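1. Here is a sequence with its predicted model. Questions after.
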Amino acid sequence: MKRTSGVSNRVDDPVSLNIMWNRLVGISEECWLTIWRTAFSIIIGEVQDFACDILDSSGYSLAHSPRSMPAFSLTLPRAAREVLSRYPARDYHNGDVFITNDPWICVGHLPDLAVISPVVRGRKLVGFLGSIAHCSDIGGTRDSAHAREVYEEGLQIPPIRFVSAGAVNLDLVAMIRQNVRNPDMVLGDVQAQISANRVGIERLLAFMDEYDLDDLSELAEVVQGRAEAAMRSAVEAIPDGLYTHEVKLSALGRPLRLPIQIRVEGSDIYVNYEGAPAQIEQGAVNSTLSYTEAHTVYALKCMLTPDILSNAGCYRPFHVAAPEGSIMNCRYPAAVYMRTMSGWGCAPAVFGALAPALPDRVQSFTGLPMGAGAYGYERDGRRFNDSMLQGGGQGAGQKKDGLNTVLFPPSAANTSIEIYESRTPLLVECKELIPDSGGPGRHRGGLGQRLRIRKLYEDGRPVLFSLTPHGIGVDTPGLFGGQPGKRGTVRLENSGGIIAVDDELAGEPELRDTEHRIVLELAGGSGYGPPDKRPIEEVQADFDRGLITTEGLTAYGCEISRHRVTRGVAS
């Protein structure tokens, strides 16, 4: 490649290259902050369920905000390349914006909207600014547990031009407005994405002016090449061979076994989900290959080069396949809204398979997050539609305990209770850690949490919930002798007791009055290593802090004697 003016000397100088590379990350971070500060919905503005990326002129990742949702950053390039395949680059202008939510080229379900803006310098396409964000509603049924086709799940938007040289497609705006439950919130969030892209374009063009860059091709070649070289070096350190594992999941009452085969050959890794169950005809728990691939390679990236800034080069050594028509590579028009039920099994499967080769790089099964979308009407008749997302306990690793109440494999935040209560007529009566929920081990799994939610006042109107009951129905063994964390559960209760539990609530349960309560109990993380190898002083500290109880001590071969933890009970 002939090197462009202004960059030749800098890319050969590691200090200058590092500065330029970090400048790109800084631009994408400013885009991320723009969305975070201007978004309308809780799911974006508080939970941070979105990502911002800079892409090269071919639609491959150059840099993304470190706080971006990983699966979003890994699927956005696919959406950008699809735009390129449909719209000739010669017709792009600054001020153009494209949009799509196609689950087979984006993040696997319709609420995730990709907003992509070309960057044009002179008359030449030099890159893209893009974001994907989880909009609060995209229409369709709220009872995804019984959906059979994606047609039932909301408005499908193929890759199309939303803004042309600054002129908004008002017909498309009207179409979206007519098909969603809270159009001001949805369109406000889309505008936040457009604004972030605009900020990124301005900063990127100024960056190119400062460094006298005609385009970004050489810089892209170098930074992607460096990232690829680092990843290949890390892969080569793994002994060649076939590594297998199987994860057990529960998807709306269906026990699922997710087998994985990982073949390491030199500097390449081939992942196959051969043997995965067939796609499910009713229930929306199917994963598209785009989503499966994203969660698979994200886990590999975390393990192998956690300190290298991420771009397209990191992922070139990875090759992911799953049988077409399976739950991990479903065919259109399968229902996919609850695809996390299957796709979130990818990272634990990767960790389990590679644990024998990389015991210091893996973590035990993490208690999966749960979502609780709430929909209804305020006293004054205004409609509300907001989401709560909460995390379970992190799986333990070789060197430390798992963290309590974290969201993994997504990197989102636990929803602020104060914000949630201010946006809905609901009261969260408790949010507390669940003692003994962390899986026992040499290193203990993180604790899950309990939340209890009721209506704030009587008004004769029901509040409808949309639940994703992860972590129920199956135990998730730890690694190297670690034990499972406590299972998750969801309940609908009133003063008379339990009305419904777990998968019975996967449809659309209602809170009809202030006596009804939704109770979420999120699973704990699994342990790592034999529990009887945990130092007695660490068991004592857990007991003193209320993280484990007298009953929980038995898993560690311990008991209470004269107010102190002592070892000697058979585990």
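-> In hand now; what should we look at? Numbering: from 1, shown residues only.

2. for the protein, which helix is longest?
-> Residue-count comparison of every helix in the chain, with assignments taken from DSSP state H, identifies helix 183-210 as the longest.

3. helices or strands next to that one in the packing?
-> Contacting helix 183-210 under the criterion 3 or more C-beta pairs under 8 Å, 6 or more residues apart in numbering; DSSP states H and E are the following elements: helix 14-38, strand 50-56, strand 97-100, strand 112-121, strand 124-134, strand 160-164, helix 170-179. Backbone N, C-alpha and C define where each C-beta goes, glycine included.

4. Please identify the deepest-packed of these.
-> The highest mean neighbour count among these belongs to strand 50-56 (a mean of 29), with neighbours defined as mean count of other C-beta atoms under 10 Å.

5. And the contacts of that strand?
-> Counting by C-beta atoms under 8 Å, 6 or more residues apart in numbering, the neighbours of strand 50-56 from elsewhere in the structure are 24, 27-29, 31-32, 35, 39, 44, 61-65, 68-70, 72-73, 76-77, 80, 127-134, 193, 196, 200, 204, 216-217, 220, 224, 312.

6. distance between that strand and the chain's centre?
-> Shown here is strand 50-56, whose average C-alpha point lies 15 Å from the average C-alpha point of the whole chain (C-alpha atoms, centre = their mean, to the nearest Å).

7. what does the average pLDDT come to for that strand?
-> Taken as a whole, strand 50-56 has an average pLDDT of 98.

8. Could you do stretch 19-37 as well?
-> Confidence over stretch 19-37 (mean pLDDT, whole number) is 97.

9. Okay, domains of the protein per the record?
-> Partitioning the chain according to automatic domain parsing yields domains covering residues 8-229, 363-534.

10. center of this protein - which residue?
-> residue 410 (2.7 Å; C-alpha atoms, centre = their mean).

11. Distance of the closest residue to it other than its chain neighbours relative to residue 385?
-> By the measure of C-beta to C-beta, 6 or more residues apart in numbering, the closest residue to residue 410 outside its immediate chain neighbours is residue 69, 6.0 Å from it. The span separating residue 69 from residue 385 equals 21 Å under the rule C-beta to C-beta, to the nearest Å.

12. So for the two, which sits in the more crowded spot?
-> residue 69 (28 against 23; other C-beta atoms under 10 Å).

13. Residue 123 - how many residues pack around it?
-> Taking other C-beta under 10 Å as the neighbour definition, residue 123 ends up with a count of 8.

14. Against residue 310, how distant is it?
-> In this view, residue 123 and residue 310 are 31 Å apart by C-beta to C-beta.

15. what does residue 444 give?
-> When residue 444 is compared with residue 310 (using C-beta to C-beta), they lie 30 Å apart.

16. Which one's more surrounded, these two?
-> Using other C-beta under 10 Å as the criterion, residue 444 and residue 310 rank with residue 444 on top: 35 against 23.

17. pretty sure that one contacts residue 533?
-> No. In this structure, residue 444 sits apart from residue 533 without contact. The criterion is C-beta atoms under 8 Å, and the distance is 11.6 Å.

18. residue contacts, residue 283?
-> Contacts of residue 283 were listed using C-beta under 8 Å, 6+ apart, and they are 145, 146, 147, 251, 252, 254, 335, 338.

19. Next, please give the residue ranges for the helices of this protein.
-> Across the chain, reading from the start of the chain, the helices by DSSP H fall at 8-12, 14-38, 42-45, 70-86, 170-179, 183-210, 217-236, 289-304, 340-343, 346-354, 417-423, 536-544.

20. what about the residue nearest to residue 256 when sequence neighbours are not counted, neighbour count?
-> The spatial neighbour of residue 256 that comes closest, neighbours along the chain excluded (C-beta to C-beta, 6+ apart), is residue 249 at 4.4 Å. Taking other C-beta under 10 Å as the neighbour definition, residue 249 ends up with a count of 24.

21. for residue 137, same thing?
-> For residue 137, the tally of surrounding residues (other C-beta under 10 Å) stands at 24.

22. Just flag the most distant two among the contacts of residue 283.
-> The span of the contacts of residue 283, defined through C-beta to C-beta, is set by 147 and 254 at 14.8 Å.

23. Comparing those two, which residue is more hemmed in?
-> Shown here are residue 147 and residue 254; by other C-beta under 10 Å, residue 147 has more neighbours (23 against 15).

24. Which pLDDT value belongs to the more buried one?
-> In this prediction, residue 147 carries a pLDDT score of 94.

25. any idea how far the closest residue to it other than its chain neighbours is from residue 154?
-> Nearest-residue entry for residue 147: residue 335, 4.0 Å, with adjacent residues in sequence omitted and distances by C-beta to C-beta, 6+ apart. Separation of residue 335 from residue 154 (C-beta to C-beta) stands at 11 Å.

26. How about residue 65?
-> Residue 65 sits 27 Å away from residue 154, taking C-beta to C-beta as the criterion.

27. go on, residue 412?
-> Taking C-beta to C-beta as the measure, residue 412 falls 21 Å from residue 154.

28. so where's the stretch 51-200 of the chain uncertain?
-> Counting by pLDDT under 70, the stretch 51-200 of the chain has no low-confidence residues at all.

29. Go ahead and confirm residue 276 touches residue 261.
-> No. At 10.8 Å, residue 276 does not count as touching residue 261 under the criterion of C-beta under 8 Å.

30. of the two, who's got more company?
-> More neighbours surround residue 276 than the other of residue 276 and residue 261, with 23 against 17 (other C-beta under 10 Å).

31. how about the more buried one, what does it touch?
-> Contact criterion C-beta under 8 Å, 6+ apart gives 258, 259, 322, 323, 326, 327, 328, 329 as the residues in contact with residue 276.

32. Most neighbours among the residues you listed, which one?
-> Each of the contacts of residue 276 was scored by neighbour count (other C-beta under 10 Å); the top score is that of residue 328, with 34 neighbours.

33. residues in contact with the residue nearest to that one when sequence neighbours are not counted?
-> Distances taken as C-beta to C-beta, 6+ apart place residue 322 nearest to residue 328, at 3.9 Å, with adjacent residues excluded. Each residue near residue 322 by C-beta under 8 Å, 6+ apart is listed here: 272, 273, 274, 276, 289, 292, 328, 329.

34. Among the residues you listed, find me the one that's closest to residue 15.
-> Distance ranking of these against residue 15, using C-beta to C-beta, places residue 292 first at 39.1 Å.

35. what's the closest non-adjacent residue to the closest one?
-> Taking C-beta to C-beta, 6+ apart, and ignoring the residues beside it in sequence, residue 292 has residue 328 as its nearest neighbour in space, at 4.6 Å.

36. correct me, but that neighbour touches residue 256?
-> No. With the criterion set as C-beta under 8 Å, residue 328 and residue 256 do not qualify as a contacting pair; they are 10.1 Å apart.

37. shared neighbours of those two, which are they?
-> Counting by C-beta under 8 Å, 6+ apart, the residues touching both residue 328 and residue 256 are residue 342.

38. who wins for proximity to residue 368 among the helices and strands packed on helix 183-210?
-> From the helices and strands packed on helix 183-210, taking C-beta to C-beta, the stretch that ends up closest is strand 124-134, at 16.8 Å.

39. what pairs with that closest one, and is each one parallel or antiparallel?
-> strand 50-56 (antiparallel), strand 112-121 (antiparallel) (DSSP bridges).

40. the inter-axis angle of the first one versus helix 183-210?
-> Read it as strand 50-56. Counting by axes from the mean of the first three to the mean of the last three C-alpha atoms, to 10 degrees, strand 50-56 lies at 30 degrees to helix 183-210.

41. these two touch, right, residue 393 and residue 407?
-> No. In this structure residue 393 lies outside contact range of residue 407 using C-beta under 8 Å: 11.1 Å.

42. Those two - which one has more neighbours?
-> Looking at residue 393 and residue 407 with other C-beta under 10 Å, you find the greater number of neighbours at residue 393, namely 36 against 22.

43. show me what contacts the more buried one?
-> Contacts were defined as C-beta under 8 Å, 6+ apart; by that measure residue 393 touches 366-367, 402-406, 437-439, 445-448, 485, 522-525.
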